[in-house]
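Undergrad: no sequence on this one, just coordinates:
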């Protein structure tokens, strides 16, 4: 049996499988995958008919999609989405319990070495696979923006803070849209076509970040995305997309590649802005 036909046993594994298989998916199945990943809460308890209508596909396509991923039917696939809701706050304690450090007299060193190895693997993969044309397109777009709006949640939020810090030090105006006080849509309402935005999200994707991308699209604000696959629901409508993946240690993902990327991007944007403001290029 091929790896692609194995049935995922968790929502996270399901997302990783789609990320690995997305280039081989037929058009309708890819459309289905994007909708499922963008609306995980709705998928958990919706009916096949209601989900198919919202996704713009036939109910038979949902069943075909489920079977292509190793399930007997769509209702079995929905179980993963229900488990995601049930165990959303328990995953980190489960990962911690699974750490195999009992046999080591220096568990701290074993954990540190594991994360160093994961970080090195992430950087090597980014150096090998990053689409430089997309990176250049992103830095050019952001270099011309009046204000850069920054959107991320959960584990994608620390790179956003690093971007905000770097942009401020480099003299670039930016706004973080990722607070807990519920005014992010109101803050983004100030954005217009002369501004730009950066959206960061990795599987399992943040509903708020997906919704932010949809709002920015309605306002005709160009945005770039930093994510893990072309099937990511925040890719749709983006002016440029930078894809990367992070290796993990014992289920804990590092942010090494992402933090390195955002530092490089912030400096590249500042350099673009400097060149645009030079007297010999200001008219371009």
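TA: Arrived safely. All figures in this text were calculated on a predicted structure; none of them were measured in a lab.
Undergrad: For residue 242, identify the helix or strand it belongs to.
TA: Residue 242 belongs to strand 240-243 when assigned by DSSP states H and E.
Undergrad: How about the contacts made by residue 177?
TA: Counting by C-beta atoms under 8 Å, 6 or more residues apart in numbering, residue 177 touches 149-151, 184, 187-188, 197, 212. (Glycine included, C-beta is placed from N, CA and C.)
Undergrad: Any chance of a markdown table for these, columns pLDDT and distance to residue 27?
TA: Below are the contacts of residue 177 laid out as a markdown table (pLDDT from 0 to 100; distance: C-beta to C-beta, whole Å):
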| residue | pLDDT | distance to residue 27 |
| --- | --- | --- |
| 149 | 95 | 31 |
| 150 | 95 | 32 |
| 151 | 93 | 28 |
| 184 | 82 | 33 |
| 187 | 86 | 36 |
| 188 | 89 | 31 |
| 197 | 95 | 28 |
| 212 | 90 | 26 |
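Undergrad: So for residue 191, what's the nearest residue that isn't a sequence neighbour?
TA: Leaving aside its chain neighbours, residue 191 sits nearest to residue 221 (4.5 Å; criterion: C-beta to C-beta, 6 or more residues apart in numbering).
Undergrad: wait, residue 242
TA: residue 226 (4.9 Å).
Undergrad: so what's the one you found bridging to?
TA: Residues in a beta bridge with residue 226, per DSSP bridges, are residue 200, residue 242.
Undergrad: Counting neighbours, what do you get for it?
TA: Neighbour count of residue 226, defined by other C-beta atoms under 10 Å: 27.
Undergrad: From residue 211, how far off is it?
TA: As judged by C-beta to C-beta, to the nearest Å, residue 226 and residue 211 stand 17 Å apart.
Undergrad: Equivalent analysis for residue 229, please.
TA: Counting by C-beta to C-beta, the gap from residue 229 to residue 211 is 19 Å.
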